[in-house]
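[1] I would like to see how this sequence folds:
(one chain, ligands or ions: 3)
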Amino acid sequence: MNRKFFTCEKAQYRWYNPNEIIMGKEMKDHLKFAVSYWHTLCSEGADMFGRGVLDKSFGGKDPIDIYKCKVDALMELMNILSIDYFCFHDADIAPEGKTLKETNYNLDVISDYMQEQMSKNGKKLLWGTANCFNHPRYMHGAGTSPYVDVYAYAAAQIKKALEVTVKLGGNGYVFWGGREGYETLLNTDMALELDNMARLLHMAVDYGRKIGFKGDFYIEPKPKEPTKHQYDFDSSTVAGFLQKYDLTKDFKLNIEANHATLAGHTFEHELTVARINGLFGSIDANTGDSLLGWDTDQFPTNVYDTTMCMLEVLRAGGFTNGGLNFDAKARRGSCALDDIVDSYVAGIDAFALGLKNAVKIIEDGRIDEFKNNRYSSWNTSLGLSIRNDSETLESLAKYAEENADVMKSIGSGRQEYLENTINDILFK
Ligand code: XLS
Ligand code: CA
Ligand code: CA
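    Residues are numbered from 1 along each chain as shown. Ligands and ions are numbered 1, 2, ... in the order given. I've put the predicted structure just below:
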(Lines give C-alpha, C1' and ligand atoms only; values in the text may rest on other atoms or scores of the structure.)
(Ligands and ions follow the chains in the order given, each with its own letter.)
Protein backbone atom coordinates (compact mmCIF):
# COMPACT_ATOMS: atom_id res chain seq x y z
CA MET A 1 0.00 0.00 0.00
CA ASN A 2 2.01 2.96 -1.22
CA ARG A 3 -0.72 5.04 -2.73
CA LYS A 4 -0.80 8.68 -1.70
CA PHE A 5 -4.20 10.32 -1.73
CA PHE A 6 -3.80 13.36 0.48
CA THR A 7 -1.33 16.23 0.20
CA CYS A 8 -0.80 16.61 3.92
CA GLU A 9 1.80 14.35 5.58
CA LYS A 10 0.93 14.99 9.23
CA ALA A 11 -1.96 16.96 10.66
CA GLN A 12 -1.02 19.98 12.74
CA TYR A 13 -3.17 20.47 15.81
CA ARG A 14 -3.49 23.50 18.01
CA TRP A 15 -5.14 21.67 20.94
CA TYR A 16 -4.95 17.94 20.34
CA ASN A 17 -1.89 16.30 21.76
CA PRO A 18 -2.57 12.53 21.87
CA ASN A 19 -0.11 11.69 24.63
CA GLU A 20 -0.72 14.67 26.91
CA ILE A 21 -1.85 13.48 30.33
CA ILE A 22 -5.13 14.97 31.49
CA MET A 23 -6.64 13.85 34.78
CA GLY A 24 -4.28 10.89 34.84
CA LYS A 25 -5.11 9.63 31.36
CA GLU A 26 -3.74 10.27 27.87
CA MET A 27 -5.80 12.64 25.78
CA LYS A 28 -6.23 10.01 23.07
CA ASP A 29 -7.87 7.67 25.60
CA HIS A 30 -10.23 10.37 26.82
CA LEU A 31 -11.33 11.11 23.28
CA LYS A 32 -10.94 7.85 21.30
CA PHE A 33 -11.58 9.50 17.94
CA ALA A 34 -12.92 7.42 15.06
CA VAL A 35 -13.26 7.97 11.31
CA SER A 36 -16.70 7.22 9.83
CA TYR A 37 -16.24 5.05 6.75
CA TRP A 38 -19.45 6.08 5.01
CA HIS A 39 -18.93 9.83 4.92
CA THR A 40 -15.19 9.72 4.56
CA LEU A 41 -14.54 6.95 2.07
CA CYS A 42 -17.90 6.62 0.33
CA SER A 43 -20.02 9.78 0.23
CA GLU A 44 -19.24 11.81 -2.89
CA GLY A 45 -21.26 14.88 -1.91
CA ALA A 46 -24.51 14.03 -3.74
CA ASP A 47 -27.64 15.64 -2.31
CA MET A 48 -31.34 15.80 -3.26
CA PHE A 49 -30.56 18.33 -5.97
CA GLY A 50 -27.19 17.34 -7.30
CA ARG A 51 -24.84 14.52 -8.04
CA GLY A 52 -21.49 13.83 -6.39
CA VAL A 53 -18.67 16.34 -6.62
CA LEU A 54 -15.79 14.24 -5.39
CA ASP A 55 -14.70 10.88 -6.81
CA LYS A 56 -14.21 8.32 -4.04
CA SER A 57 -12.97 5.42 -6.14
CA PHE A 58 -9.44 6.35 -5.06
CA GLY A 59 -7.97 5.19 -8.37
CA GLY A 60 -9.42 1.65 -8.12
CA LYS A 61 -9.98 -0.20 -11.38
CA ASP A 62 -12.81 -2.63 -10.60
CA PRO A 63 -15.29 -2.95 -7.72
CA ILE A 64 -13.04 -5.05 -5.46
CA ASP A 65 -10.01 -2.91 -6.25
CA ILE A 66 -12.00 0.27 -5.49
CA TYR A 67 -12.91 -1.05 -2.05
CA LYS A 68 -9.31 -2.07 -1.36
CA CYS A 69 -8.24 1.44 -2.35
CA LYS A 70 -10.74 2.81 0.16
CA VAL A 71 -8.98 0.79 2.86
CA ASP A 72 -5.65 2.26 1.72
CA ALA A 73 -7.07 5.78 1.80
CA LEU A 74 -8.50 5.12 5.28
CA MET A 75 -5.12 3.99 6.60
CA GLU A 76 -3.35 6.97 5.05
CA LEU A 77 -5.88 9.38 6.53
CA MET A 78 -5.77 7.79 9.99
CA ASN A 79 -1.99 8.01 9.97
CA ILE A 80 -2.08 11.66 8.91
CA LEU A 81 -4.56 12.43 11.67
CA SER A 82 -3.04 10.14 14.34
CA ILE A 83 -6.48 8.55 14.84
CA ASP A 84 -6.66 4.96 16.06
CA TYR A 85 -10.27 3.95 15.37
CA PHE A 86 -12.84 3.76 12.59
CA CYS A 87 -16.48 2.65 12.20
CA PHE A 88 -18.35 1.16 9.26
CA HIS A 89 -21.56 -0.26 7.83
CA ASP A 90 -21.23 -3.55 5.93
CA ALA A 91 -22.30 -1.78 2.75
CA ASP A 92 -19.53 0.84 3.09
CA ILE A 93 -16.64 -1.57 2.98
CA ALA A 94 -17.44 -4.02 0.17
CA PRO A 95 -19.40 -3.97 -3.08
CA GLU A 96 -22.83 -5.53 -3.10
CA GLY A 97 -22.99 -8.80 -5.03
CA LYS A 98 -25.86 -10.18 -7.10
CA THR A 99 -26.81 -12.53 -4.27
CA LEU A 100 -26.42 -12.51 -0.49
CA LYS A 101 -23.74 -15.18 -0.84
CA GLU A 102 -21.76 -13.05 -3.28
CA THR A 103 -22.10 -9.97 -1.04
CA ASN A 104 -20.82 -12.01 1.90
CA TYR A 105 -17.93 -13.29 -0.18
CA ASN A 106 -16.98 -9.72 -1.07
CA LEU A 107 -17.11 -8.83 2.62
CA ASP A 108 -14.72 -11.71 3.36
CA VAL A 109 -12.26 -10.59 0.69
CA ILE A 110 -12.21 -6.96 1.80
CA SER A 111 -12.23 -7.69 5.52
CA ASP A 112 -9.20 -9.98 5.02
CA TYR A 113 -7.40 -7.10 3.36
CA MET A 114 -8.61 -4.70 6.04
CA GLN A 115 -7.40 -6.97 8.83
CA GLU A 116 -3.95 -7.09 7.22
CA GLN A 117 -3.77 -3.31 6.86
CA MET A 118 -5.12 -2.71 10.35
CA SER A 119 -2.43 -4.82 11.94
CA LYS A 120 0.27 -3.25 9.75
CA ASN A 121 -0.84 0.27 10.71
CA GLY A 122 -1.92 -0.44 14.30
CA LYS A 123 -5.54 0.62 13.70
CA LYS A 124 -8.68 -0.54 15.48
CA LEU A 125 -12.38 -0.90 14.84
CA LEU A 126 -14.60 1.08 17.25
CA TRP A 127 -17.85 -0.41 15.98
CA GLY A 128 -19.49 -2.06 13.04
CA THR A 129 -23.08 -2.05 11.85
CA ALA A 130 -25.30 -3.32 9.06
CA ASN A 131 -26.86 -0.94 6.59
CA CYS A 132 -30.47 -2.12 6.72
CA PHE A 133 -31.99 1.04 5.32
CA ASN A 134 -30.58 1.89 1.90
CA HIS A 135 -31.66 -1.04 -0.27
CA PRO A 136 -35.23 -0.92 -1.69
CA ARG A 137 -36.04 -4.17 0.18
CA TYR A 138 -36.02 -2.07 3.35
CA MET A 139 -38.48 0.54 2.13
CA HIS A 140 -40.96 -0.47 4.88
CA GLY A 141 -38.33 -1.18 7.52
CA ALA A 142 -35.99 -4.09 8.33
CA GLY A 143 -36.48 -5.39 11.88
CA THR A 144 -39.92 -3.76 11.82
CA SER A 145 -40.88 -4.75 8.29
CA PRO A 146 -44.42 -6.08 7.76
CA TYR A 147 -42.79 -8.77 5.57
CA VAL A 148 -41.15 -11.75 7.22
CA ASP A 149 -38.77 -12.40 4.28
CA VAL A 150 -37.36 -8.91 4.62
CA TYR A 151 -36.91 -9.48 8.36
CA ALA A 152 -35.01 -12.70 7.65
CA TYR A 153 -32.78 -10.91 5.12
CA ALA A 154 -31.98 -8.22 7.71
CA ALA A 155 -31.14 -10.97 10.21
CA ALA A 156 -28.73 -12.49 7.68
CA GLN A 157 -27.09 -9.14 7.09
CA ILE A 158 -26.73 -8.47 10.82
CA LYS A 159 -25.28 -11.96 11.35
CA LYS A 160 -22.57 -11.29 8.76
CA ALA A 161 -21.87 -7.75 9.99
CA LEU A 162 -21.40 -9.14 13.50
CA GLU A 163 -18.99 -11.77 12.19
CA VAL A 164 -16.94 -9.11 10.40
CA THR A 165 -16.98 -6.89 13.49
CA VAL A 166 -15.69 -9.75 15.65
CA LYS A 167 -13.10 -10.72 13.03
CA LEU A 168 -11.73 -7.16 13.06
CA GLY A 169 -11.70 -6.97 16.85
CA GLY A 170 -14.50 -4.39 17.17
CA ASN A 171 -15.73 -3.66 20.67
CA GLY A 172 -19.03 -2.17 19.60
CA TYR A 173 -21.96 -3.05 17.37
CA VAL A 174 -24.52 -0.35 16.48
CA PHE A 175 -28.18 -0.50 15.59
CA TRP A 176 -29.43 2.71 14.12
CA GLY A 177 -33.16 2.59 13.42
CA GLY A 178 -32.80 3.52 9.75
CA ARG A 179 -36.24 2.75 8.38
CA GLU A 180 -37.51 1.39 11.71
CA GLY A 181 -40.47 3.71 12.11
CA TYR A 182 -43.60 4.56 10.20
CA GLU A 183 -45.40 7.18 8.15
CA THR A 184 -49.04 6.42 9.07
CA LEU A 185 -50.83 4.28 11.65
CA LEU A 186 -53.41 3.47 8.97
CA ASN A 187 -51.07 0.76 7.69
CA THR A 188 -48.92 0.04 10.77
CA ASP A 189 -49.14 -2.53 13.58
CA MET A 190 -46.88 -0.74 16.04
CA ALA A 191 -47.05 -3.37 18.78
CA LEU A 192 -46.00 -6.21 16.48
CA GLU A 193 -43.24 -4.13 14.87
CA LEU A 194 -41.69 -3.20 18.23
CA ASP A 195 -41.93 -6.78 19.56
CA ASN A 196 -40.24 -8.03 16.39
CA MET A 197 -37.48 -5.45 16.65
CA ALA A 198 -36.75 -6.54 20.21
CA ARG A 199 -36.70 -10.20 19.10
CA LEU A 200 -34.11 -9.34 16.46
CA LEU A 201 -31.95 -7.54 19.02
CA HIS A 202 -32.11 -10.57 21.34
CA MET A 203 -31.09 -12.82 18.44
CA ALA A 204 -28.16 -10.49 17.71
CA VAL A 205 -27.04 -10.63 21.35
CA ASP A 206 -27.31 -14.44 21.42
CA TYR A 207 -25.34 -14.85 18.21
CA GLY A 208 -22.81 -12.14 19.03
CA ARG A 209 -21.99 -13.70 22.41
CA LYS A 210 -21.84 -17.14 20.79
CA ILE A 211 -19.15 -16.03 18.33
CA GLY A 212 -17.11 -14.26 20.99
CA PHE A 213 -18.31 -10.65 20.82
CA LYS A 214 -17.45 -9.19 24.23
CA GLY A 215 -18.18 -5.54 23.54
CA ASP A 216 -21.30 -3.39 23.79
CA PHE A 217 -24.32 -3.36 21.54
CA TYR A 218 -25.60 0.15 20.97
CA ILE A 219 -28.84 1.71 19.85
CA GLU A 220 -28.46 5.10 18.24
CA PRO A 221 -31.52 7.29 18.91
CA LYS A 222 -32.88 9.54 16.17
CA PRO A 223 -36.32 11.18 16.12
CA LYS A 224 -37.09 11.63 12.42
CA GLU A 225 -35.55 11.18 8.99
CA PRO A 226 -36.00 9.02 7.09
CA THR A 227 -39.39 8.09 8.55
CA LYS A 228 -41.74 10.61 10.12
CA HIS A 229 -41.96 8.63 13.37
CA GLN A 230 -38.74 6.82 14.24
CA TYR A 231 -39.15 4.25 16.99
CA ASP A 232 -35.79 5.17 18.57
CA PHE A 233 -36.85 8.80 19.03
CA ASP A 234 -34.43 9.86 21.77
CA SER A 235 -32.44 8.52 24.74
CA SER A 236 -35.48 8.37 27.01
CA THR A 237 -37.57 6.46 24.50
CA VAL A 238 -34.78 3.98 23.87
CA ALA A 239 -34.12 3.54 27.61
CA GLY A 240 -37.80 2.62 28.05
CA PHE A 241 -37.64 0.20 25.12
CA LEU A 242 -34.49 -1.52 26.42
CA GLN A 243 -35.99 -1.82 29.91
CA LYS A 244 -39.30 -3.17 28.63
CA TYR A 245 -37.63 -5.85 26.51
CA ASP A 246 -34.93 -6.80 29.03
CA LEU A 247 -32.02 -5.66 26.89
CA THR A 248 -30.17 -3.33 29.28
CA LYS A 249 -27.52 -5.90 30.15
CA ASP A 250 -26.09 -5.91 26.65
CA PHE A 251 -27.13 -2.58 25.18
CA LYS A 252 -25.96 0.98 25.68
CA LEU A 253 -26.59 4.11 23.64
CA ASN A 254 -24.66 5.70 20.81
CA ILE A 255 -25.64 9.36 21.09
CA GLU A 256 -25.38 11.58 18.03
CA ALA A 257 -25.27 15.36 18.53
CA ASN A 258 -27.28 16.15 15.40
CA HIS A 259 -29.99 13.67 16.38
CA ALA A 260 -30.29 15.33 19.80
CA THR A 261 -30.95 18.63 18.02
CA LEU A 262 -33.59 17.04 15.79
CA ALA A 263 -35.30 15.65 18.91
CA GLY A 264 -35.47 19.15 20.38
CA HIS A 265 -32.85 18.37 23.02
CA THR A 266 -29.35 19.54 23.71
CA PHE A 267 -26.50 17.11 23.15
CA GLU A 268 -25.74 17.15 26.89
CA HIS A 269 -29.36 16.38 27.72
CA GLU A 270 -29.21 13.19 25.69
CA LEU A 271 -25.88 12.23 27.26
CA THR A 272 -27.21 12.87 30.75
CA VAL A 273 -30.29 10.73 30.14
CA ALA A 274 -27.99 7.94 28.96
CA ARG A 275 -25.69 8.31 31.97
CA ILE A 276 -28.40 8.34 34.65
CA ASN A 277 -29.95 5.22 33.14
CA GLY A 278 -26.60 3.40 33.10
CA LEU A 279 -26.65 3.47 29.28
CA PHE A 280 -23.78 5.80 28.41
CA GLY A 281 -21.84 4.10 25.64
CA SER A 282 -20.50 5.89 22.61
CA ILE A 283 -20.88 9.16 20.72
CA ASP A 284 -21.39 10.17 17.11
CA ALA A 285 -19.66 13.53 17.16
CA ASN A 286 -21.09 16.02 14.71
CA THR A 287 -23.43 18.97 14.61
CA GLY A 288 -26.55 20.08 12.79
CA ASP A 289 -27.29 23.61 11.68
CA SER A 290 -29.52 25.69 13.94
CA LEU A 291 -31.26 27.17 10.89
CA LEU A 292 -32.03 23.85 9.21
CA GLY A 293 -34.38 21.14 10.42
CA TRP A 294 -32.61 18.12 8.98
CA ASP A 295 -29.60 15.90 9.55
CA THR A 296 -26.68 17.85 8.09
CA ASP A 297 -23.92 15.78 9.75
CA GLN A 298 -21.43 18.62 9.90
CA PHE A 299 -18.07 18.53 11.59
CA PRO A 300 -18.42 19.92 15.12
CA THR A 301 -16.56 23.17 15.73
CA ASN A 302 -18.71 24.83 18.39
CA VAL A 303 -16.50 24.75 21.46
CA TYR A 304 -19.34 25.36 23.95
CA ASP A 305 -21.01 22.20 22.64
CA THR A 306 -17.85 20.11 22.78
CA THR A 307 -17.15 21.43 26.29
CA MET A 308 -20.59 20.44 27.58
CA CYS A 309 -20.26 17.07 25.86
CA MET A 310 -16.88 16.32 27.40
CA LEU A 311 -18.13 17.43 30.80
CA GLU A 312 -20.79 14.74 30.52
CA VAL A 313 -18.26 12.17 29.27
CA LEU A 314 -16.05 12.87 32.30
CA ARG A 315 -19.06 12.68 34.61
CA ALA A 316 -19.95 9.32 33.09
CA GLY A 317 -16.45 8.10 33.96
CA GLY A 318 -15.11 8.28 30.39
CA PHE A 319 -15.35 5.83 27.52
CA THR A 320 -14.87 2.11 27.98
CA ASN A 321 -15.78 0.35 24.73
CA GLY A 322 -17.10 3.53 23.09
CA GLY A 323 -15.47 6.62 21.65
CA LEU A 324 -16.05 9.73 19.56
CA ASN A 325 -16.93 8.77 16.02
CA PHE A 326 -17.01 11.69 13.59
CA ASP A 327 -20.28 10.90 11.83
CA ALA A 328 -19.68 14.00 9.79
CA LYS A 329 -18.91 15.11 6.27
CA ALA A 330 -17.37 18.19 4.72
CA ARG A 331 -19.91 20.48 3.00
CA ARG A 332 -20.63 19.69 -0.66
CA GLY A 333 -18.73 22.79 -1.72
CA SER A 334 -15.62 21.58 0.12
CA CYS A 335 -14.89 19.39 -2.85
CA ALA A 336 -11.19 18.50 -2.51
CA LEU A 337 -9.91 15.37 -0.76
CA ASP A 338 -7.72 17.60 1.41
CA ASP A 339 -10.88 19.18 2.81
CA ILE A 340 -11.44 15.85 4.56
CA VAL A 341 -8.19 16.29 6.46
CA ASP A 342 -9.04 19.89 7.34
CA SER A 343 -12.51 18.97 8.56
CA TYR A 344 -11.23 16.20 10.85
CA VAL A 345 -8.58 18.55 12.23
CA ALA A 346 -11.32 21.09 12.98
CA GLY A 347 -13.46 18.50 14.78
CA ILE A 348 -10.56 16.94 16.67
CA ASP A 349 -9.24 20.29 17.90
CA ALA A 350 -12.74 21.39 18.94
CA PHE A 351 -13.07 18.25 21.09
CA ALA A 352 -9.55 18.49 22.49
CA LEU A 353 -10.30 22.06 23.55
CA GLY A 354 -13.68 20.92 24.87
CA LEU A 355 -11.93 18.31 27.03
CA LYS A 356 -9.51 20.88 28.44
CA ASN A 357 -12.40 23.24 29.14
CA ALA A 358 -14.44 20.54 30.84
CA VAL A 359 -11.51 19.78 33.13
CA LYS A 360 -11.22 23.50 33.93
CA ILE A 361 -14.91 23.63 34.87
CA ILE A 362 -14.55 20.63 37.16
CA GLU A 363 -11.35 21.95 38.74
CA ASP A 364 -12.80 25.43 39.23
CA GLY A 365 -15.62 23.83 41.18
CA ARG A 366 -18.06 26.75 41.20
CA ILE A 367 -20.66 25.08 39.00
CA ASP A 368 -20.66 21.84 40.99
CA GLU A 369 -20.64 23.74 44.27
CA PHE A 370 -23.68 25.76 43.23
CA LYS A 371 -25.54 22.65 42.19
CA ASN A 372 -24.69 20.82 45.42
CA ASN A 373 -25.87 23.75 47.52
CA ARG A 374 -29.08 23.98 45.52
CA TYR A 375 -30.00 20.45 46.57
CA SER A 376 -28.59 20.66 50.11
CA SER A 377 -32.03 20.37 51.73
CA TRP A 378 -32.05 16.78 50.47
CA ASN A 379 -29.30 16.10 52.99
CA THR A 380 -31.28 17.37 55.99
CA SER A 381 -33.02 14.82 58.20
CA LEU A 382 -36.30 15.27 56.29
CA GLY A 383 -34.55 15.08 52.89
CA LEU A 384 -32.69 11.93 53.87
CA SER A 385 -35.80 10.38 55.34
CA ILE A 386 -37.66 10.87 52.02
CA ARG A 387 -34.70 9.48 50.11
CA ASN A 388 -34.72 6.44 52.40
CA ASP A 389 -38.37 5.89 51.51
CA SER A 390 -39.33 6.46 55.17
CA GLU A 391 -41.97 9.14 54.63
CA THR A 392 -45.61 9.01 53.57
CA LEU A 393 -48.06 11.51 52.17
CA GLU A 394 -49.54 11.80 55.66
CA SER A 395 -46.21 12.48 57.37
CA LEU A 396 -45.23 15.06 54.75
CA ALA A 397 -48.62 16.75 54.99
CA LYS A 398 -48.14 17.02 58.75
CA TYR A 399 -44.66 18.51 58.25
CA ALA A 400 -45.99 21.00 55.66
CA GLU A 401 -48.79 22.13 57.97
CA GLU A 402 -46.29 22.85 60.75
CA ASN A 403 -43.77 24.51 58.43
CA ALA A 404 -45.62 27.71 57.52
CA ASP A 405 -43.08 29.56 55.36
CA VAL A 406 -42.12 27.38 52.39
CA MET A 407 -40.99 30.43 50.40
CA LYS A 408 -38.14 30.98 52.84
CA SER A 409 -36.42 27.79 51.71
CA ILE A 410 -36.41 28.70 48.01
CA GLY A 411 -33.33 30.28 46.41
CA SER A 412 -32.57 31.72 42.96
CA GLY A 413 -31.57 29.37 40.14
CA ARG A 414 -29.01 32.03 39.10
CA GLN A 415 -28.82 30.84 35.49
CA GLU A 416 -27.17 34.00 34.17
CA TYR A 417 -24.58 33.98 36.94
CA LEU A 418 -23.76 30.37 36.03
CA GLU A 419 -23.53 31.10 32.31
CA ASN A 420 -21.23 34.00 33.04
CA THR A 421 -19.18 31.78 35.35
CA ILE A 422 -18.65 29.36 32.47
CA ASN A 423 -17.32 32.24 30.34
CA ASP A 424 -15.15 33.39 33.23
CA ILE A 425 -13.62 29.91 33.53
CA LEU A 426 -13.14 29.42 29.79
CA PHE A 427 -11.69 32.78 28.88
CA LYS A 428 -9.54 33.87 31.76
C1 XLS B 1 -27.92 8.26 10.32
C2 XLS B 1 -27.10 7.65 11.33
C3 XLS B 1 -26.20 6.53 10.84
C4 XLS B 1 -25.71 5.71 11.98
C5 XLS B 1 -25.13 4.39 11.61
O6 XLS B 1 -28.51 9.30 10.50
O7 XLS B 1 -26.36 8.66 11.96
O8 XLS B 1 -25.16 7.03 10.08
O9 XLS B 1 -24.75 6.41 12.72
O10 XLS B 1 -26.03 3.63 10.87
CA1 CA C 1 -24.82 8.53 13.50
CA1 CA D 1 -26.86 12.08 11.52
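[2] The residue in the stretch 51-200 of the chain that ligand 1 sits nearest to bridge partners, please.
    Proximity of the stretch 51-200 of the chain to ligand 1 (C-beta to the nearest ligand atom) peaks at Trp176, 3.5 Å away. To be clear about C-beta, it is placed using only N, CA and C from the backbone, and glycine gets the same treatment. Here Trp176 sits in beta bridges with Glu220, going by DSSP bridges.
[3] Over to the one 5 residues further on?
    Gly181 has these beta-bridge partners by DSSP bridges: Gln230.
[4] isn't it right up against Tyr231?
    Yes. Shown here, Gly181 and Tyr231 form a contact pair, counting by C-beta atoms under 8 Å, at 5.3 Å.
[5] Which neighbours do those two have in common?
    Thr144 (C-beta atoms under 8 Å, 6 or more residues apart in numbering).
[6] Now do the same for Ala73: helix, strand or coil?
    Following DSSP: H, G, I helix; E, B strand; the rest coil, we place Ala73 in the helix state.
[7] Could you measure from it over to Glu116?
    Using C-beta to C-beta, to the nearest Å, Ala73 is found at 15 Å from Glu116.
[8] Looking at these two, which one has more neighbours?
    Set side by side, Ala73 and Glu116 show more neighbours around Ala73, with 23 against 12, by other C-beta atoms under 10 Å.
[9] just checking, the more buried one touches Lys4?
    No. Under the criterion of C-beta under 8 Å, Ala73 makes no contact with Lys4, lying 9.7 Å away.
[10] Secondary structure of Asp339: a strand, I assume?
    No. Secondary structure of Asp339 (three-state DSSP): helix, not part of a strand.
[11] Could you report the pLDDT at it?
    Listed pLDDT for Asp339 reads 98.
[12] which residues touch the nearest residue to it once chain neighbours are set aside?
    Ranked by C-beta to C-beta, 6 or more residues apart in numbering and with sequence neighbours excluded, the top spatial neighbour of Asp339 is Ala330, at 4.5 Å. Neighbouring residues of Ala330 by C-beta under 8 Å, 6+ apart: 299, 339-340, 342-343.
[13] Give me the buried entries from those.
    Buried members of the contacts of Ala330, scored by 16 or more other C-beta atoms under 10 Å, are 299, 340, 343.
[14] now the helix or strand where Ala155 lies, how far from the centre of its chain.
    Using DSSP states H and E, Ala155 maps to helix 148-167. Here the centre of helix 148-167 is set off from its chain's centre by 21 Å, with C-alpha atoms, centre = their mean, to the nearest Å.
[15] helices and strands around it, which ones?
    In terms of contacts (3 or more C-beta pairs under 8 Å, 6 or more residues apart in numbering; DSSP states H and E), helix 148-167 is packed against helix 90-93, helix 100-121, strand 124-129, strand 172-176, helix 190-210.
[16] Name the surrounding residues that touch it.
    For helix 148-167, contacts defined as C-beta under 8 Å, 6+ apart pick out 89-90, 93, 100, 104, 107, 111, 115, 125, 127-132, 137-138, 140-143, 145, 172-173, 196, 200, 203-204, 207-208, 211-213.
[17] can you narrow those to ones near ligand 1?
    When contact is defined as C-beta under 6 Å from any ligand atom, those meet ligand 1 at 89, 129.
[18] Show the buried residues in the contacts of helix 148-167.
    Among the contacts of helix 148-167, those scoring as buried are 89-90, 93, 104, 107, 111, 115, 125, 127-132, 138, 140-143, 145, 172-173, 196, 200, 204, 208, 213 (criterion: 16+ other C-beta under 10 Å).
[19] So stretch 252-267, near ligand 2 or not?
    Yes. Stretch 252-267 reaches ligand 2 (C-beta under 5 Å from the ion) through Glu256.
[20] how about that stretch, does it reach ligand 1?
    Yes. Judged by C-beta under 6 Å from any ligand atom, stretch 252-267 and ligand 1 are in contact via Glu256.
[21] Give me the distance between that stretch and the centre of its chain.
    The answer for stretch 252-267 is 9 Å, by C-alpha atoms, centre = their mean.
[22] Would you mark the buried spots in that stretch?
    By neighbour count on 16+ other C-beta under 10 Å, the buried set for stretch 252-267 is 252-263, 265, 267.
[23] ok, now stretch 24-34?
    27-28, 30-34.
[24] Surely Glu268 touches Leu314?
    No. Applying C-beta under 8 Å as the test, Glu268 and Leu314 come out as separate, 11.8 Å apart.
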